[in-house]
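**Student:** using only what follows, build the 3D model:
(chains A and B)
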Amino acid sequence: MPRNREKKNQKSAPYRIWGENLDIEAIRQMDNACSLPISVKGALMPDAHKGYGLPIGGVLAVKNAVIPYAVGVDIACRVKMSVLDLPFQEYEKNRGKFKIALETETRFGVGQGFARPRQHRVMNDNWSFCPQVRNLKDKAWKQLGTSGSGNHFAEFGQLMLEKNDFGLEKGIYLALLTHSGSRGTGAAIAKHYSALAKKLHPELPRHLNNLAWLDLKSSEGEEYWQAMELMGRYASANHDIIHTGVLHHLGAISILSLENHHNFAWKEQLGHREVIVHRKGATPAGKDVPGIIPGSMASPTFIVRGLGNEAAMCSAAHGAGRKMSRTAAMKKFKQSDMIKLLNQRGITLISAGIDEIPMAYKSIETVMDQQKDLVEILGRFDPKLVKMAPPDRYAKKRTGKK
DNA sequence: ATGTCC
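**Tutor:** Take a look at the predicted model:
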């Protein structure tokens, strides 16, 4: 539904909403994004909620420009699944070994890296095309193979493939699922280029400030694009290291691997013209494109195949979406509430903050129902062993303040 | 989501 509140004499780009009763703030942010003179078309996914500039769950096509905060702070945030060659029962027989594998092969928490950094060919890429990126190379190296914080996780679970697919037979498998991004490096790049975009667009009113863009033909725009693509390869390397390390630790091999970004921008065709499509907290869902849509730590993740719906610019939700802020969740629930729920569902939690409690999320099943015209479900993954960042030691202080 | 100005 096109909206046109900000400028009466200039037509806003149209956008459609999937899902019901979405966060009013997210809708307002989408209105704002579609009112930009560069905007061509938008879409709002059923897991949408408020973010910086573009909402999480926002899809935005623009002309010849890129908006750093429409890509997101965690540039190239990504999910990856590896199906193991071990039967699922192998996990039940030897949980301790799987736990140690997750503990050993990645690191969680803000600022965390490896004391003995991992190696990856992505570090041989060009990191010297601008000073901002060059100065971050050392941090990026130390954080290779880490998972970060927030909603990021590493987990083992049971994958149920609904039919013969991906060269595998219908049935039950043991799988590793991870959610990580470009860590401190990507965040620093996002922050730098968004500040630069704001400086280049002093004419933007305050409510559009976080949507400041870089012209793709400008040196700044080209530089951001190059940095964003490097972060794409870097985030992919992080998952690669985790999966290679964990599987090696277990003496397992991968019989199927699936992965996708959900914070990124792509050059795509929209009708006859080339546009830049930003997907911020949105899964690419082009025709027959496989994707992963995670729920919370106690609800399923869905393996999907895109239906190529053009109204949504070939996109889908990237998860259940929060229904409660982190602060509200920390105020309302205790650690024991989380443990109780996980026990009921037979899930072992290694660590997580209360702000990630499943009750703070919408129902993933509802979100999937609301996007039946965007993706087809091919399988579900039920988490069994979950690791997330341990509680933030300032969390209590912050909730106390509000 | 990050990292530190708490």
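**Student:** helices along chain A, start to end?
**Tutor:** Remark: helices assigned in chain A by DSSP state H are A:24-34, A:68-71, A:89-93, A:95-105, A:131-134, A:137-142, A:183-200, A:219-250, A:326-332, A:335-344, A:364-369, A:395-401.
**Student:** so for A:Ile303, which of those helices sits nearest?
**Tutor:** Proximity to A:Ile303 (C-beta to C-beta) singles out helix A:364-369 among the helices of chain A, at 11.4 Å. The way it works is simple: take the backbone N, C-alpha and C, and place the C-beta from them, glycine included.
**Student:** and that closest one, what's buried?
**Tutor:** Neighbour-count burial for helix A:364-369, counted by 16 or more other C-beta atoms under 10 Å, picks out A:Ile364, A:Val367, A:Met368.
**Student:** give the other helices and strands that that helix contacts.
**Tutor:** If you count contacts as 3 or more C-beta pairs under 8 Å, 6 or more residues apart in numbering; DSSP states H and E, helix A:364-369 packs onto strand A:39-49, strand A:290-293, strand A:301-306.
**Student:** just checking, what packs against the longest one?
**Tutor:** In this case it means strand A:39-49. strand A:15-17, helix A:24-34, strand A:56-62, strand A:273-280, strand A:315-317, helix A:364-369.
**Student:** of all the ones you listed, which one is nearest DNA strand B?
**Tutor:** strand A:56-62 (8.0 Å; C-beta to the nearest atom of the strand).
**Student:** partner strands of that closest one and their direction?
**Tutor:** Using DSSP bridges, the strands paired with strand A:56-62 in its sheet are strand A:39-49 (antiparallel), strand A:273-280 (antiparallel).
**Student:** out of those strands, which one sits most buried?
**Tutor:** Of all the strands paired with strand A:56-62, strand A:39-49 has the most neighbours on average by mean count of other C-beta atoms under 10 Å, namely a mean of 26.
**Student:** can you lay out the helices and strands packed on strand A:39-49 as a markdown table showing mean pLDDT?
**Tutor:** Output for those, formatted as a markdown table (pLDDT from 0 to 100):
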| stretch | mean pLDDT |
| --- | --- |
| strand A:15-17 | 98 |
| helix A:24-34 | 97 |
| strand A:56-62 | 98 |
| strand A:273-280 | 98 |
| strand A:315-317 | 98 |
| helix A:364-369 | 97 |
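**Student:** with distance to A:Gly184 added, can I get the ones you listed in CSV?
**Tutor:** Output for the helices and strands packed on strand A:39-49, formatted as CSV (distance: least, C-beta to C-beta, whole Å):
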stretch, distance to A:Gly184
strand A:15-17, 32
helix A:24-34, 25
strand A:56-62, 20
strand A:273-280, 19
strand A:315-317, 27
helix A:364-369, 29
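**Student:** if you tally nearby residues, what's the number for A:Gln226?
**Tutor:** Neighbour count for A:Gln226, taken as other C-beta atoms under 10 Å: 14.
**Student:** quick one: contacts for it?
**Tutor:** A:Phe129, A:Cys130 (C-beta atoms under 8 Å, 6 or more residues apart in numbering).
**Student:** make it 6 Å
**Tutor:** A:Gln226 sits next to A:Phe129 when contact means C-beta atoms under 6 Å, 6 or more residues apart in numbering.
**Student:** where's it relative to A:Asn260, distance?
**Tutor:** Distance of A:Gln226 to A:Asn260, computed by C-beta to C-beta, to the nearest Å: 21 Å.
**Student:** rewinding a little: right, and the strands paired with strand A:56-62 - which one's nearest A:Ala195?
**Tutor:** Closest approach to A:Ala195 among the strands paired with strand A:56-62 is made by strand A:273-280 (18.0 Å; C-beta to C-beta).
**Student:** kindly calculate the angle that the closest one makes with helix A:219-250.
**Tutor:** 50 degrees (axes from the mean of the first three to the mean of the last three C-alpha atoms, to 10 degrees).
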